[in-house]
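Peer 1: Okay, structure incoming, though there's no sequence with it:
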């Protein structure tokens, strides 16, 4: 026949074992959640790094486009100046070639 003290001790041992099993289950679940979170963070980092590289590339293309627009603008201004000079030259030649009339 078992005495009351040994029954109480067995019950405490059983409860401790159950609590320990629950703790191990929670720890394992926490570890899995942590691994999943870490994996998601690594994917996000990879995505952000790729986006950063695309932004750097876009910035370079923007700078090239800006420089090309300046070059085009310079050529347009230069052509306008040349055309203005040619018009003035032609007006001068035209005025010089007309006879002066004495009316």
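Peer 2: Received the coordinates, thanks. Every value quoted in this text rests on a predicted model; they were computed, and no experiment measured them.
Peer 1: give me the low-pLDDT residue ranges for the protein?
Peer 2: Residues of the chain meeting the criterion pLDDT under 70: 1-5, 7-8, 102-103.
Peer 1: now the helices for it?
Peer 2: Secondary structure of the chain (DSSP state H): helices located at 4-97.
Peer 1: Tell me who's in contact with residue 85.
Peer 2: Taking C-beta atoms under 8 Å, 6 or more residues apart in numbering, we find residue 85 in contact with no residue. For glycine as for every other residue, the C-beta is placed from the backbone atoms N, C-alpha and C.
Peer 1: could you check the distance from it over to residue 78?
Peer 2: Applying C-beta to C-beta, to the nearest Å, the value for residue 85 to residue 78 is 11 Å.
Peer 1: Also residue 40?
Peer 2: Applying C-beta to C-beta, the value for residue 40 to residue 78 is 57 Å.
Peer 1: now swap in residue 53 and tell me
Peer 2: 38 Å.
Peer 1: How about residue 35?
Peer 2: According to C-beta to C-beta, residue 35 stands 65 Å off from residue 78.
Peer 1: ditto for residue 51
Peer 2: Counting by C-beta to C-beta, the gap from residue 51 to residue 78 is 40 Å.
Peer 1: Equivalent analysis for residue 96, please.
Peer 2: Distance, residue 96 to residue 78, by C-beta to C-beta: 27 Å.
Peer 1: With neighbour numbers in mind, choose between the two.
Peer 2: Using other C-beta atoms under 10 Å as the criterion, residue 96 and residue 78 rank with residue 78 on top: 10 against 7.
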